[in-house]
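Asks: Got a predicted structure here, sequence first:
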Amino acid sequence: MPILQLSKVSKTFDGPEGGQPVRVFEDINLELNEGQSAAIVGPSGSGKSTLLNLIGALDKPTSGIINVDGKNILELKGQETAAFRNQTIGFIFQLHHLLPQCTVMENIIVPSLAGHTREHKGVISHRARSLLSEVGLAQRLQHRPAELSGGERQRASVARALINQPRILLADEPTGALDKANSDRLVEILLKLNREKNLTLVVITHSLEVAQQMEHVYRLDDGTLSRM
């Protein structure tokens, strides 16, 4: 059974001032098995980030079904939804969204403080240090975001996304604000984590170079998702 399955997923937003509804996409179907990687490309405004938000339970579709590990996540309510996002999904955004007043180490453990895990603080701290080592930031534990380069801040956001050991990693234009050297390094790290941790990886990107390194590539355009 696929770990991620979208069946006839559609999204429409209400029109401004009661006007005509705005269709984003319609009847989207997608299946990914555990440990697979996929890129979604397409023009700006095609709904790529909206689709990622639906998979991550940050928004709900107008119609359709989204199954994660055989469970329809649209049936989740309240704290169940919050726990799903916190424990099953890891998010990486184009902007790192690190807390400027906190150290790198403190930023990494923030998702573990949401109250959805019973793991001991020592276990979480050990995992945070291990993750920071994996993304090349072992010497930056006590630095604050302003003391890091753009590439380092984005790698810190990767470690933060993985602190609760999610099964699915969603990355929305993770290299969009990086130069080529940092972009290449970040993609290398993401693919390494995908292989070694058996993570299912979904990347939204405008870069065909990044997309082509994923196992599957899809294009979202004119409301439809097609395999490239």
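Replies: Okay, I see it.
Asks: Can you give me the distance of residue 40 to residue 48?
Replies: Note on residue 40: its distance to residue 48, by C-beta to C-beta, to the nearest Å, is 5 Å. In this view, the C-beta of every residue, glycine as well, is placed from N, C-alpha and C.
Asks: Which neighbours do these two have in common?
Replies: 204, 220 (C-beta atoms under 8 Å, 6 or more residues apart in numbering).
Asks: Tell me, how many residues neighbour residue 214?
Replies: 22 (other C-beta atoms under 10 Å).
Asks: contacting residues for it?
Replies: Residue 214 sits in contact with 37, 38, 39, 201, 203, where contact means C-beta under 8 Å, 6+ apart.
Asks: and residue 90, what element?
Replies: strand 89-92 (DSSP states H and E).
Asks: I'd like the mean pLDDT over that strand, please.
Replies: Throughout strand 89-92, pLDDT has a mean value of 94.
Asks: if we look at whatever helix or strand comes next after that strand, which residues are touching it?
Replies: The first helix or strand that comes after strand 89-92 along the chain, using DSSP H and E, is helix 104-109. For helix 104-109, the surrounding residues in contact (C-beta under 8 Å, 6+ apart) are 98-99, 124-125, 128-129, 131-132, 137, 140-145, 148, 156, 159-160, 163.
Asks: Can you name every helix or strand that the strand holding residue 90 contacts?
Replies: helix 150-162, strand 168-172 (3 or more C-beta pairs under 8 Å, 6 or more residues apart in numbering; DSSP states H and E).
Asks: chain center to it: distance?
Replies: 4 Å (C-alpha atoms, centre = their mean, to the nearest Å).
Asks: Give me the sheet partners of that strand and which way each runs.
Replies: Paired neighbours of strand 89-92 in the sheet (DSSP bridges): strand 168-172 (parallel).
Asks: how far out from the middle of the chain is the partner strand?
Replies: 2 Å.
Asks: right, and the helix or strand after it?
Replies: That would be, after strand 168-172 and using DSSP H and E, helix 180-196.
Asks: Okay, angle between that next one and helix 150-162 too, please.
Replies: 20 degrees (axes from the mean of the first three to the mean of the last three C-alpha atoms, to 10 degrees).
Asks: Serialize the contacts of residue 214 to TSV and add fields for pLDDT and secondary structure.
Replies: Converted to TSV, the contacts of residue 214 look like this (pLDDT from 0 to 100; DSSP: H, G, I helix; E, B strand; the rest coil):
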residue	pLDDT	secondary structure
37	97	strand
38	97	strand
39	97	strand
201	97	strand
203	97	strand
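Asks: Near the nearest residue to residue 140 once chain neighbours are set aside, how many other residues are there?
Replies: Of all residues not flanking residue 140 in the chain, residue 104 sits nearest, at 5.1 Å (C-beta to C-beta, 6 or more residues apart in numbering). Close neighbours of residue 104, defined as other C-beta under 10 Å, add up to 25.
Asks: ok, back up a step: now for the contacts of residue 214: which two are most distant?
Replies: 39 and 201 (8.9 Å; C-beta to C-beta).
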